[in-house]
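[1] missing the sequence, but the structure's below:
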């Protein structure tokens with residue numbers, strides 16, 4: 001009886017793990033800070049059929065990956081075009097971002113990793 005319960009629990013764990021959404025990030029652009037120590041990375045995150053078009057931005061240290069959701073800005077209802085949306089570094093510790101008209105913002109931070117983020 002103990003073995004049957006163990007098998008049922010293990011099967012349940014494997015099934016529930018297999019049902020978790022697998023998210024993939026698609027790089028749109030990477031914009032290094034003036035000194036090259038940081039980068040603003042723009043990407044779209046796809047977590048399956050229920051995920052709409054979105055734009056996310058992370059500020060990361062040189063060599064660091066951006067495997068999770070954006071740590072600076074997450075929004076949807078925007079055009080995902082590298083030529084339309086570009087973060088602008090004003091200096092090594094100040095990043096300027098523009099939120100397009102009509103965008104729906106889910107997460108917006110004003111400082112990440114000692115970098116201040118200004119929005120317009």
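    The structure has been received and is ready for your questions. Fair warning: this is a prediction, and the values are worked out from it, not measured in the lab.
[2] so where's the protein uncertain?
    Across the chain, the ranges flagged by pLDDT under 70 are 1-21, 50-51, 79-84.
[3] Let me see the ranges of the helices in the protein.
    With DSSP state H applied, the chain shows helices at 2-18, listed in chain order.
[4] what residue lies at the spatial centre of it?
    Taking C-alpha atoms, centre = their mean, the centroid of the chain lies closest to residue 70, which sits 2.6 Å from it.
[5] hang on, that one packs against residue 59?
    No. Between residue 70 and residue 59 there is no contact under C-beta atoms under 8 Å: 9.2 Å. C-beta here means a position set from N, CA and C on the backbone, and glycine is covered the same way.
[6] got the contact list for the residue nearest to the centre of the chain?
    Contacts were defined as C-beta atoms under 8 Å, 6 or more residues apart in numbering; by that measure residue 70 touches 43, 45, 56-58, 107.
[7] Also residue 30?
    39-42.
[8] Filter these down to the buried ones, ChimeraX style.
    The ChimeraX command for the buried members of the contacts of residue 30 (criterion: 16 or more other C-beta atoms under 10 Å) is given here:
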select :39,40,41,42
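[9] can I get the contacts of residue 30 in TSV with distance to residue 29?
    As requested, the contacts of residue 30 are arranged in TSV below (distance: C-beta to C-beta, whole Å):
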residue	distance to residue 29
39	10
40	8
41	7
42	5
